[in-house]
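K.L.:
missing the sequence, but the structure's below:
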């Protein structure tokens, strides 16, 4: 009877993820989440916010690793605090620090974790293991030891283990930290492919992790939901807020003292700045940007809240010469 009830909930009734008035206070009194609401259907959903915004706490609650202080969280109609067994059957989780298994081969890792997920029959399990390894692009290195893999391959191995039991929901926490731009793009395309028939909640502080197929973005700041909407809505919120300035090194340095700079490109003795306009407007010679990138829109939104400095991750800002610019065009095509 429990199997039939699960099927009914998955097929008919509930959103895949439903978070209502969620609060979590740690023992030291720190309020990590303060009234968070979130609803996710099928597709890729992005959870943005600076470090310390509460993203990882929310991820852990969704994955039944910690119990919330207040509020309700349901996955496909199942309560994460009262029906943990059912929730875990529906859920695949890629933590930020997936690693270990360094002396094991790729296929051994996925096969072992498949058994831990309840796939005990080798006849059933082996084809499934081989399928997910192929799906994440690791078939050619299936018998290579984990310690021989690149960082991007290890992240894809993490996706394979999260998918091996065919979860309805995939929760991914800071998936591309430390990866180069090429691996970030590859990872994002993998998320887009996987998200066609399941729910993916991708938590990140790297805005470019969210690609063209991202259905909706939620922004957390200091434990609160401060924005929920489509990429197009985030773009519209930044209209007129970003400027470009082509100037000398000296004038660029002065402009940086008064404005939050998103990018700076030097070419000889000339500098091209893209930055957020302040309350006092733009520096002389600057022009407003008609089409912002997703990162610029996010920075402009946070700047309006007085939080641009917190939101900015200097070591994670994109190099404007990278191929990420192509993906910004893809995003605009998807939301237009």
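P.N.:
Thanks, I have it. Here the structure is a predicted model, which is why all the values come from computation and not from measurement.
K.L.:
From now on I want contacts and neighbour counts done on CA atoms only, so please keep to that.
P.N.:
Noted.
K.L.:
Skipping its backbone neighbours, what lies nearest residue 141 in space?
P.N.:
Distances taken as Cα to Cα, 6 or more residues apart in numbering put residue 106 closest to residue 141, at 7.2 Å, once the chain neighbours are dropped.
K.L.:
Give me the neighbour count for residue 228.
P.N.:
By the criterion of other Cα atoms under 10 Å, residue 228 has 18 neighbours.
K.L.:
Averaged pLDDT, whichever strand or helix holds it. What do you get?
P.N.:
Assigned by DSSP states H and E, residue 228 falls within strand 224-229. Averaging pLDDT along strand 224-229 gives 95.
K.L.:
Can you mark which positions in that strand are buried?
P.N.:
224, 225, 228 (16 or more other Cα atoms under 10 Å).
K.L.:
ok, residues contacting it?
P.N.:
With contact meaning Cα atoms under 8 Å, 6 or more residues apart in numbering, strand 224-229 is reached by 33, 34, 35, 36, 37, 53, 216, 217, 218, 219, 220.
K.L.:
Can you give me the separation between residue 29 and residue 67?
P.N.:
As for residue 29, its distance to residue 67 is 15 Å (criterion: Cα to Cα, to the nearest Å).
K.L.:
sorry, back to before: so after the strand holding residue 228, what's the next helix or strand?
P.N.:
Defined by DSSP H and E, the subsequent element after strand 224-229 is helix 231-237.
K.L.:
helices and strands around that following helix, which ones?
P.N.:
strand 214-221, helix 294-304, helix 324-335 (3 or more Cα pairs under 8 Å, 6 or more residues apart in numbering; DSSP states H and E).
K.L.:
The first one - contacts with which helices or strands?
P.N.:
When you say that, I think you mean strand 214-221. strand 43-48, strand 224-229, helix 231-237.
K.L.:
List the buried residues in the helix or strand following the first one.
P.N.:
I take that to be strand 43-48. For strand 43-48, the succeeding helix or strand toward the C-terminus, using DSSP H and E, is helix 55-62. Buried residues in helix 55-62, counted by 16+ other Cα under 10 Å: 55, 56, 57, 58, 59, 60, 61, 62.
K.L.:
do stretch 190-207 as well
P.N.:
190-195, 198-207.
K.L.:
any idea which element residue 97 lies in?
P.N.:
Counting by DSSP H and E, residue 97 is part of no helix or strand.
K.L.:
Count the residues that sit near it.
P.N.:
The burial count for residue 97: 12, using other Cα under 10 Å.
K.L.:
So which residues make contact with stretch 280-287?
P.N.:
By Cα under 8 Å, 6+ apart, the list of residues contacting stretch 280-287 reads 243, 244, 245, 246, 255.
K.L.:
in terms of contact, does the second one touch residue 272 like I think?
P.N.:
Yes: counting by Cα atoms under 8 Å, residue 244 touches residue 272, with 7.0 Å between them.
K.L.:
Tell me which of those two has more neighbours.
P.N.:
residue 244 (21 against 17).
K.L.:
and the more buried one, what helix or strand is that in?
P.N.:
Residue 244 belongs to strand 242-248, assigned by DSSP H and E.
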